[in-house]
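Undergrad: Below are the sequence and a predicted model for it; my questions follow.
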Amino acid sequence: MLFHRKQADLPEVLPVHIGIIMDGNGRWAKKRGLPRFAGHKAGADTFKKIARYCNKIGIKYLTVYAFSTENWKRPQKEVEAIIDLLRNYLRDAENYKKENIRVRFIGDISVFDQEIRMKIAESQSESKEFTGLNLNIAINYGGKDEIVHAAKLLAKEAAEGALRSDDIDETAFESRLYTAGQPNVDLVIRPSGEYRLSNFMVWQSAYAEFVFMNVLWPDFTEKHLNEALREYANRSRRFGGL
């Protein structure tokens, strides 16, 4: 890798898995007298830049909270605008092949139309052998919903005789989550000045470090990420021990 961490003032120890709650798009637009859609578009541009930067500095896993199960309650025009941004991202997915980023969409995608589901399947299939950043895009995602979904899978397997109740443990449960096969989150970053998890990666963030930043997501830059990474490196992670 030609990138040198010292040049970016990065710590030696980096998290393996970062989760980002991309928050503040609407407030960013309001401050500028713009429609909320403009904030989401600016936020989408920031997402692309940060994903590329994570890939550049060697982060192995990045999960971004793009659209929650609760976001359907927003005004219809805003929801449609967010879905249009998703369509545009999927159309542009070809452009990211050269960056060696593996894409996975997590959440209940069954609610989306056939075109979106097909594009999601294509982008996941075409990038599955890539060895750079593993990028999880959480759409129609909720942490509680994910846990219920995993519990239903286990219950179904047990009812069918494919699984004994004694075999159900944390490992079995994690293997039914959307992030099966991936490490749990080490660092959760939430911009916008809010101090909430908002139903994001509830299981996977049990022992994560949290960094809350007073910057709206569209204004979030590589420097803000570096700041969060330095904060993470200064933490002492005990995982419930001493």
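TA: It's in. No experiment lies behind these values; they were computed from the predicted model shown.
Undergrad: contacts and neighbour counts: CA atoms only from here.
TA: Fine.
Undergrad: count of residues packed around L14?
TA: 18 (other Cα atoms under 10 Å).
Undergrad: For stretch 229-242, give the mean pLDDT please.
TA: Within the predicted structure, the mean pLDDT of stretch 229-242 is 80.
Undergrad: Repeat that for stretch 56-73.
TA: The pLDDT scores in stretch 56-73 average 96.
Undergrad: Which positions in it come out as buried?
TA: If you call a residue buried by 16 or more other Cα atoms under 10 Å, then stretch 56-73 has these buried ones: 56-69.
Undergrad: what does stretch 206-221 give?
TA: For stretch 206-221, burial by neighbour count (16+ other Cα under 10 Å) applies to 208-213, 215-218, 220-221.
Undergrad: With respect to R230, which of the residues you listed is nearest?
TA: Distance from R230 was checked for each of the buried residues of stretch 206-221 by Cα to Cα. The minimum falls on V211, at 10.4 Å.
Undergrad: That closest one: what's it in contact with?
TA: Contact analysis of V211 by Cα atoms under 8 Å, 6 or more residues apart in numbering lists 187-190, 228, 231-232.
Undergrad: Distance from the helix or strand containing it to the middle of the chain?
TA: Taking DSSP states H and E as the definition, one finds V211 inside strand 209-212. Using Cα atoms, centre = their mean, to the nearest Å, we find the averaged C-alpha position of strand 209-212 to lie 15 Å away from the chain's own average C-alpha position.
Undergrad: Would you map the strands across this protein?
TA: Ranges of strands within the chain are 17-21, 61-68, 102-106, 134-141, 187-190, 209-212, based on DSSP state E.
Undergrad: closest one to A121 among these?
TA: When these are ranked by proximity to A121 (Cα to Cα), strand 102-106 comes first, at 8.9 Å.
Undergrad: Pairing partners for that closest one, with directions?
TA: According to DSSP bridges, strand 102-106 forms sheet pairs with strand 134-141 (parallel).
Undergrad: This completes my enquiry, with thanks.
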